[in-house]
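*Asks:* Pasted the sequence and its predicted model underneath.
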Amino acid sequence: MSISPELLHCRRKSDRQIFIEKTIIKLTAEVREIGFRLGCREIHGENTPDYYRQRGQHRHLLNKLYSLEKKA
C-alpha cells in the first residue's frame, strides 16, 4: 500500500486543502503559459479574435486562481 507524499508530509491537512493546493499549482502553470503566449502576440502587435478569446480565458483563470488562493 502506498501513501501519497502529500499525506505523509502534511497529515493535518484535509483532502479539500490538498485538492485546493494542487489546483492552485495547476492553474498557476496554465496562467503562466497563456500569459507568455499573449505576451509574444502583444510584442508582434496581433489583435485577432483568437487573441481576445485567449485574453478572456487568461483573465477568467486568473480570477479563479485568486479566489482559490484566498481560500487556501
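*Replies:* Thanks, I have the structure now.

*Asks:* which stretches of this structure have low pLDDT?
*Replies:* Low-confidence segments of the chain (pLDDT under 70): 1-11, 72.

*Asks:* for the helix ranked longest in it, the distance to its chain's centre please.
*Replies:* In the chain, taking DSSP state H as the definition, the longest helix is helix 15-43. Helix 15-43 sits 3 Å away from the centroid of its parent chain (CA atoms, centre = their mean, to the nearest Å).

*Asks:* In this structure, which residue is most central in space?
*Replies:* Geometric centre of the chain, nearest residue: residue 27, 1.2 Å, by CA atoms, centre = their mean.

*Asks:* Can you give me every residue that contacts it?
*Replies:* 61, 64-65, 68 (CB atoms under 8 Å, 6 or more residues apart in numbering). (C-beta placed from N, C-alpha, C; glycine too.)

*Asks:* now swap in residue 68 and tell me
*Replies:* Residue 68 neighbours (CB under 8 Å, 6+ apart): 20, 23-24, 27.
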